[in-house]
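1. Predicted structure and sequence below. I'll ask about it afterward.
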Amino acid sequence: MLFPRILISLLLLGFPMYVQAQVEFGKYSEEELALEVVPFEPDAKVVTLWEEGNSYFMVTGLHTDFHHRLKILDDNLLEFGDIVINFYRGKTLVEDIVKINAQVSYLENGERKVEKLSKNNIKEINLGGGEFEYRLIFPHVKKGSILEYSYKKIDHQYGILEGWAFQKEIPALYSKYTFKSPSYFIYQMIMQGDRLPEVSDIHEKKRLYSWTLKDVPSLPNEPFVGNLLDYQDRVDGYLFTNEYINPEKIEESEAFYASWNHVANSWMKFDDVKPYYLGPSPEVRNYPKLEFEENTQLAKAKKIYDYVAKNYRASYSSRYLEPIYPLDEFLEEKKGNSFDKNLLMLNLLKEQGIDSKIVMVNERKIGRTKLIEVPFINQFHSSILSATIDGKEIYLDATDSITPFGLLPVSKLVKRAFFIEKDNGRLEDLNHKHRSGSIFFTSLEKDSLNKPFFKHQVRLTDYNALQAATLLRALKEVEEYLVTEKNIEKESISNVSVNDQLSSNRTLTISFNSEVNTENPEQLVLNPFEFSSFRQNPFTQESRILPIEFDFPFYENMNVSIPFPEGYQLDDYPESQSLTIPSKKVRFSYLTDIRENEIKLNCKIEFLEDYYSVKEYPDMKYLMENVAALLSTPLIFTKTSNP
């Protein structure tokens, strides 16, 4: 699609050369059969004994031979044994998977047996939008079993290599990747990880690159980790140029892009994209005819956004960097991908004189966070829209109907993106404007039997509200949300209600009551901050390997009002204090205000940035230990007399 077919003809000039696998399928060494514990990671329940990726060019494109061999070291594995191989066929057979071979070697009554996977255990699944997967269903997954599979992937787009991750969720004894390109293709290889330069075997003149890592630990399991792809030992590459391209005429080339401006202009000329930039299309069947009650740009933009978001389904989340359908088919089908929906929104906005641009983004945890600055479009995965409304730039994404006007799906809160504009295509930083957080209001009340209970109201704003609404849509029950996200015992809450104003003012409010323990009549112990996200310290490790990364900056503001229960006096409570870290990127305050027969508490924590380095971890750990201690400290009332 995006790397033209002219490149395929160049492959006829070369001859593939690649390194054969060092491990023979189905033949296991005595060491592999005897292995019970991974020396460098003794708690591992699964280990990769050997894995290899071998990429080379044939006339039909870039071929990669994969070979994986894993061993099960523990019986207590839940739902392990289904291996998923994802690939993207798209409209034009962009990728394909062939020659799948899989077997399991297992122990039965002390004897090792082998079972090859049949067609019934290898299932192809169409995920929609050109996305497919093969699911390998291994039987006999138990301690001592060896799962082995191999396959070939054929890729007709090779501007950016899929790359190879040496470090994954499970440890590996050996991990190898080899890449061989024709002599006339010049790839820029990117190595990530301190060990890779030491083990690289690179022959630039032969265009042959190889790496083998031994004893690769699993990725760290730490809270609040961002994109693990940014921290893996891995190698990637992108096609820089080839010897048959005249550097002075690269702007005329169909094979390579000279600049981001060249990419943008070419993309806007694609057959299924061009109609959206030609102006209104009222002659097209089912073209929207909107009437506007208000004449301001903001009112028109909101109506257009709401119409596209709610009337057209985003049925596909694919890597296809164009609309799934031509305009007339999309209007008929009323479903598509992010480009279908956002291009229609662009067309309708431009009809109303509102300047808009499609912006390609690299969604979080799908690709690298840091973009390759040279013009390669295939590093992106999806789209948003930049609109200038009443002189202000606003980012929009009509892909998901639940996302309110002015916010983006959290996965698209990236820092840099590709702006598509005629004669001005460019990479540009994004400036996300929001005030995300949660505001708690808690008061002590009495029921009809004079029994005390807490009345809570939690108002979530911006991205906190969006995350809660998304989860509530999946769970369908607010009680389940409270139990899942706030660790609340279901039996202890009552009178739960939700006021969803996400679309109108980007808030979602949850109200509920909770019980107060009155088992000891001589002493009343109250925990008003029981439902705070930070009543327990999330940072308990002595040290940390990866930076702390939140989805976005946010705050938690808790307000408590407690009248002194009749017949009780306040005996113990936390004193006011403020805390921060040296960088001032986190602020915490705890204010105690004692009045006549009432105590008011205000507790606020603000995370002013979403990224905190490993060096800041000790300060974060210390601060959050103190925060958790304060939020866990109860108010104690002692009985003075009978009411």
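-> Nice, thanks for sending it over.
2. Near Phe40, how many other residues are there?
-> Neighbours of Phe40 under the rule other CB atoms under 10 Å: 12. Placement of C-beta: from N, CA and C, glycine included.
3. Next up, the contacts around it.
-> Listed by CB atoms under 8 Å, 6 or more residues apart in numbering, the contact set of Phe40 reads Pro171, Asp215, Pro217.
4. Quick one, which of those are buried?
-> Among those, those scoring as buried are Pro171 (criterion: 16 or more other CB atoms under 10 Å).
5. Adding pLDDT, write the contacts of Phe40 out as TSV.
-> What follows is these, written out as TSV (pLDDT from 0 to 100):
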residue	pLDDT
Pro171	96
Asp215	96
Pro217	95
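6. Of the contacts of Phe40, which is the nearest to Leu147?
-> Pro171 (15.1 Å; CB to CB).
7. mind listing which of the contacts of Phe40 are in strands?
-> Using DSSP state E, the members of the contacts of Phe40 that fall within strands are Asp215.
8. Could you let me know which of the contacts of Phe40 ends up closest to Asn597?
-> Ranked by distance to Asn597 (CB to CB), the contacts of Phe40 are led by Pro217 at 58.9 Å.
9. wait, doesn't that closest one sit right on Lys168?
-> No. Pro217 lies out of contact with Lys168 (CB atoms under 8 Å); the separation is 10.1 Å.
10. Any chance of TSV for the contacts of Phe40, columns distance to Asp82?
-> Shown next, in TSV, are the contacts of Phe40 (distance: CB to CB, whole Å):
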residue	distance to Asp82
Pro171	20
Asp215	27
Pro217	24
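11. Which secondary structure element of the protein has the lowest mean pLDDT?
-> For the chain, the helix or strand with the lowest mean confidence is helix 6-11, at a mean of 42 (criterion: mean pLDDT, DSSP states H and E).
12. Could you report the distance from the closest residue to Glu294 other than its chain neighbours to Ala387?
-> In this structure, Glu294 finds its nearest non-sequential neighbour in Lys300, 7.4 Å apart by CB to CB, 6 or more residues apart in numbering. As judged by CB to CB, to the nearest Å, Lys300 and Ala387 stand 11 Å apart.
13. if I look at the two, which residues touch both of them?
-> Common contact partners of Lys300 and Ala387 (CB under 8 Å, 6+ apart): Leu349, Ile354.
14. where's Asn265, which helix or strand?
-> helix 260-267 (DSSP states H and E).
15. Run through the helices of this protein in chain order.
-> For the chain, the helices defined by DSSP state H cover 6-11, 30-34, 196-199, 260-267, 297-311, 327-333, 338-351, 462-475, 478-486, 502-505, 617-632.
16. Report the mean confidence score over the last one.
-> Yep, that's helix 617-632 we're talking about. Helix 617-632 carries an average pLDDT of 96.
17. what sits up against that helix?
-> Helix 617-632 is contacted from outside by 527, 529, 532, 534-541, 543-544, 548, 574, 577, 579-583, 586, 588, 590, 603, 605, 612, using CB under 8 Å, 6+ apart.
18. how about 7 Å then?
-> With contact meaning CB atoms under 7 Å, 6 or more residues apart in numbering, helix 617-632 is reached by 529, 532, 534-539, 544, 548, 574, 579, 581-582, 586, 588, 590, 603, 605, 612.
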